[in-house]
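J.: Show me how the following folds:
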Amino acid sequence: MTGRLEGRLIGLGVTGSIAAYKAVELLRLLRAEGADVVAMLTPAATAFVGPLTFQALSRHAVETDVLALLPDGRIGHIVVADTVDAIVVAPATAHWLSAMASGLSGDVVTATALASSAPVVVAPAMDGDMWTHPATRDNVARLRDAFGYTIVEPAAGELASRQSGMGRLAELPAIVDAVVGAIGSRPVRAADATARPPMVEPVREADLTGRHIVVSAGGTREPIDPVRFIGNRSTGKMGVAIAEAALARGARVTLVAANLDVAPPSGASTVVVESAAEMRAALHKLTHADDGRAGFDALVMAAAVSDFRPSTTADRKLERGGSLTLELEATPDILAQIARIARGTDREGGVTYEPMSPSPFLVGFAAETGSLDRAADKLRRKSLDLLVANDVSEPGSGFGTDTNRVTILDAAGGRAELALMSKRAVADEILDRVARALDDRDAAAQTG
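T.: Residues are numbered from 1 along each chain as shown. Sure, this is the predicted structure:
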């Protein structure tokens with residue numbers, strides 16, 4: 001059965017009333033009618049109910065700031081204003097009614113309504129005497145008669161003040177009916193999803209709380225002279241997506257960042273490096289904490305480390321000539337070295353010194369072209385727990401894209417071939433496995 005709001009985008013404005021918690025259920029009812037919903041919260045509303053709740057249910061970032069920009073640089077509340085089929089403000093406080101009636105765009109809900117030609121439905125909720133005050137009645141009349149807004153008047157009942165009277169938020173099905181009626185037979189304003197506010201990845205549980213996750217990202221640069229370098233096409237998007245996802249799941253994150261084309265997440269502790277040697281030094285420094293225990297719970301080596309570097313580096317800019325011959329040498333395999341430290345093994349695999357404790361989970365990446373046949377050997381040779389392999393020549397799966405299609409191999413012989421998905425979704429697929437492995441590790445330690 002098709003919902004009455006199928007294909008519609010509804011802007012849900014929430015203001016600072018105790019009834020704000022009911023807006024969560026209103027969002028659910030709107031979605032049950034087929035609507036796509038984006039929420040807007042005033043600063044006072046966030047004191048009653050958190051934006052994360054609305055984001056988790058709507059799959060859209062919540063608009064709380066009139067100055068906030070979307071990831072693509074568009075102004076968030078303007079995009080909402082231009083694409084919604086209707087705006088519903090529920091609950092609407094007396095303060096918001098006054099601000100809206102006066103055209104004062106001091107919060108994202110009033111600003112969006114002022115900037116939009118979509119129909120607006122207002123469901124007030126407040127103390128009974130506030131609702132009957134002449135100022136409030138005048139503001140409601142102005143919104144209804146001059147602005148053409150649909151007013152879903154409050155109901156009678158027990159109020160937050162423990163008194164009884166008119167002021168309770170109207171029943172939610174009645175508000176949904178009012179939204180349907182306000183839209184009527186109008187055509188969909190923005191059928192193209194790219195014009196609407198973008199979707200966000202689903203909220204994951206905080207299953208990495210208390211974990212220290214180290215992520216490397218970006219491409220290293222190996223200097224030829226003070227001006228020129230040997231590098232690669234990595235932008236760091238995959239590594240940054242992993243760092244962001246780990247932070248969202250409660251982890252403490254250290255990002256060892258080489259050359260990045262994207263900003264590192266603000267919540268991570270970022271160590272900036274340039275070359276493979278600097279990245280090696282930074283990661284070796286992180287292997288052990290001051291008390292001698294393992295310095296991290298997991299290492300996700302998403303950086304594209306140069307395989308070769310000039311055997312000598314000029315201390316002055318080389319002059320242009322007819323040709324230039326460079327002698328290259330292999331860079332150290334950083335992840336293989338970290339794995340030997342973690343396992344306490346030598347190059348031949350023998351246990352020769354004390355392994356890191358507790359044992360960290362190690363994830364590597366393999367960027368291949370044309371075939372992933374070498375991936376399983378890399379997993380074994382580097383002594384990793386997981387290897388994430390992708391064919392960078394495949395459309396949508398190479399450097400600089402926002403998507404990736406990967407195959408995840410594990411040390412037990414498992415192989416998962418994922419569909420093309422966003423890099424953030426790939427990051428969560430990887431971290432799902434990391435979180436489970438760390439839980440299993442700790443459970444095994446507790447049982448001896």
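J.: what does the helix or strand of the chain with the lowest mean pLDDT contact?
T.: Counting by mean pLDDT, DSSP states H and E, the chain has its least confident helix or strand at strand 164-168, which shows a mean of 77. Strand 164-168 has contacts (Cβ atoms under 8 Å, 6 or more residues apart in numbering) with 19, 124-132, 153-159. All C-beta atoms are positioned from the backbone trio N, CA, C, and that covers glycine.
J.: do the same with stretch 283-292
T.: 214, 216, 254, 256, 294-296, 299, 334, 337-338, 341-342, 356.
J.: try stretch 21-37
T.: Residues contacting stretch 21-37 (Cβ under 8 Å, 6+ apart): 2-12, 14, 39, 48-49, 53-54, 57-58, 60, 88, 90-91, 169, 172-173, 175-176, 179-180, 196.
J.: Dump that stretch to CSV, restricted to CA.
T.: Below are the C-alpha coordinates for stretch 21-37, written out as CSV (Å, rounded to 0.1, in the frame of the first residue of the first chain):
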residue,chain,number,x,y,z
TYR,A,21,10.0,14.3,22.5
LYS,A,22,6.8,13.7,20.6
ALA,A,23,8.4,15.0,17.4
VAL,A,24,10.4,11.8,17.2
GLU,A,25,7.2,9.7,16.9
LEU,A,26,5.8,12.3,14.5
LEU,A,27,8.9,11.7,12.3
ARG,A,28,8.2,8.0,12.4
LEU,A,29,4.6,8.5,11.4
LEU,A,30,5.6,10.8,8.4
ARG,A,31,8.0,8.1,7.2
ALA,A,32,5.3,5.5,7.6
GLU,A,33,3.3,7.5,5.1
GLY,A,34,6.2,7.3,2.6
ALA,A,35,7.8,10.7,3.3
ASP,A,36,11.5,11.5,3.3
VAL,A,37,12.0,13.7,6.4
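J.: gap between that stretch and the chain center?
T.: 22 Å (Cα atoms, centre = their mean, to the nearest Å).
J.: Next: stretch 103-121.
T.: Distance, centroid of stretch 103-121 to centroid of chain: 27 Å (Cα atoms, centre = their mean).
J.: So what would you say the end-to-end distance of it is?
T.: With Cα to Cα, to the nearest Å applied, stretch 103-121 spans 16 Å between its terminal residues.
J.: Give the rounded mean pLDDT of that stretch.
T.: In this model, stretch 103-121 has a mean pLDDT of 97.
J.: List the buried residues in that stretch.
T.: 105, 107-113, 115-116, 118-121 (16 or more other Cβ atoms under 10 Å).
J.: Counting by contacts, list what the strand or helix carrying Asp82 packs against.
T.: Secondary structure assigned from DSSP states H and E places Asp82 in helix 76-83. Under the contact criterion of 3 or more Cβ pairs under 8 Å, 6 or more residues apart in numbering; DSSP states H and E, helix 76-83 touches strand 9-14, strand 36-41, helix 108-115.
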